[in-house]
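**Student:** Structure of the sequence below:
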Amino acid sequence: MAIGTLNAIRAKFRRLTGSGNAFIIPDVADVSDPNSVGIDDYINSFYNYDFPAQFRSLKLKDVLTFDTVFGVDTYAFDSEKFTTIEQPVRCMKREIALFQDPWSFYAVNFNWQSQTNFATGNGTSGPYGGFTTGRPIIRSVNNNPLVSTQVPPTPANLNYPASRVQNVLITVNLANGNTLNVTDDGNGLLIGDVSSVNPQGTINYATGQIAGLFFSQVVPGGSPIQIQYNPVQPSIPLSMLFFQNQFTLRPVPDRGYTVEMIAYRQPTQALANTPAGQGTPELLEWWETLAFGASKKLFQDRMDMEGVAMMDKFLNDAYQLNYTRTYAELGKRRVPTIYADQLSGSGGGFGGTGFGTGSQ
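**Tutor:** Below you'll find the predicted structure:
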């Protein structure tokens, strides 16, 4: 038996729980049966949600990279494969400041919006158009407001795949006290209180042009139509905010750059997805710990408290071994402090001051 592989963990699980064959519990759940549970489900559940975070050793550290796009300031964080991030963060191999608090980040990166009255109501619903006074402007990201007039029609959805970032708002007041609000979808299309018959309204982020805007209602004559937006001067990013599983860069990139940082890899379901069950955990010495933890979960489902207590004993012994090996690995490192860079003279990449860790 190859020690440390997924097959070895499965075999250990069967011996510990007395589940000798697939009739008792299969290796993989039957996807056609919503009530089916396999050994891999218990292993992955323990691996992803119960395995102590203290065991994130140096072997779990990796370099996370992404490439920027002109005019786009917000990028998704791959939370399925990585957990926390830390300095150093580099853009084009140059160290940049890392922030994890929006208040601190925007305190040093001016973020107030501008206002431009680009058109005036003429007693119709449209079309309306015009230009912003500042350009280029920042587009919205993951901007999916709850509007029934969205074209093509989509159901209302409160669950965004990532934090919603709205950077554009077109607004006009009606005579009866109501307000029509239109925003962008991040791809140059206008959405919100727009006409379902003439939905072709667009916004050009580079030139600031609004064109073909039809509102969902008639705009009274003389009513100012205003856009609120963030004009920018694109350049190489010098700082990055990590918040709500997204990265925000300032200045906004003027072209493609490679941004790289230190991140901890997330233990994932790669174990189960490896062909022939030959996948191994991040550290081989974890394999028995995973078998004990998965077995405990099965005993909990069976309400077998004696089995749970027995697995707790095995888990405690395994954890002590894991702690020892993890601390032995971490003990080889110098403890990082805000003064550590002064010893090497690197200055953290910010003028040799030694205080290049960025505001936290």
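
**Student:** Show me the helices in the stretch 201-350 of the chain, by range?
**Tutor:** Counting by DSSP state H, counting those that start in this stretch, the stretch 201-350 of the chain has helices at residues 270-273, 287-301, 305-330, 340-344.

**Student:** would you list these in JSON lines and tack on distance to V28 and mean pLDDT?
**Tutor:** The C-beta positions use only the backbone N, C-alpha and C, and glycine is treated the same way. What follows is the helices of the stretch 201-350 of the chain, written out as JSON lines (distance: least, C-beta to C-beta, whole Å; pLDDT from 0 to 100):
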{"stretch": "helix 270-273", "distance to V28": "7", "mean pLDDT": "54"}
{"stretch": "helix 287-301", "distance to V28": "14", "mean pLDDT": "92"}
{"stretch": "helix 305-330", "distance to V28": "22", "mean pLDDT": "84"}
{"stretch": "helix 340-344", "distance to V28": "47", "mean pLDDT": "55"}
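
**Student:** For A175, find the nearest of those helices.
**Tutor:** helix 270-273 (59.9 Å; C-beta to C-beta).

**Student:** my read: P102 touches Q244, true?
**Tutor:** No - if you go by C-beta atoms under 8 Å, P102 and Q244 don't touch, sitting 9.1 Å apart.

**Student:** got any ranges where the stretch 1-150 of the chain has weak pLDDT?
**Tutor:** The stretch 1-150 of the chain contains residues with pLDDT under 70 at 1-2, 56-60, 144-150.

**Student:** mind listing the helices for it?
**Tutor:** Secondary structure of the stretch 1-150 of the chain by DSSP H, counting those that start in this stretch: the helices cover 6-17, 39-49, 102-108.

**Student:** The last one packs against which elements?
**Tutor:** Here helix 102-108 touches strand 239-243, going by 3 or more C-beta pairs under 8 Å, 6 or more residues apart in numbering; DSSP states H and E.

**Student:** V308 - how many residues pack around it?
**Tutor:** 16 (other C-beta atoms under 10 Å).

**Student:** Could you report the neighbour count for the residue lying closest to it once chain neighbours are set aside?
**Tutor:** In space, V308 comes closest to F299 once its chain neighbours are excluded; the distance is 4.7 Å by C-beta to C-beta, 6 or more residues apart in numbering. Using other C-beta under 10 Å, F299 is surrounded by 19 other residues.

**Student:** And for V89?
**Tutor:** For V89, the neighbour count with other C-beta under 10 Å is 24.
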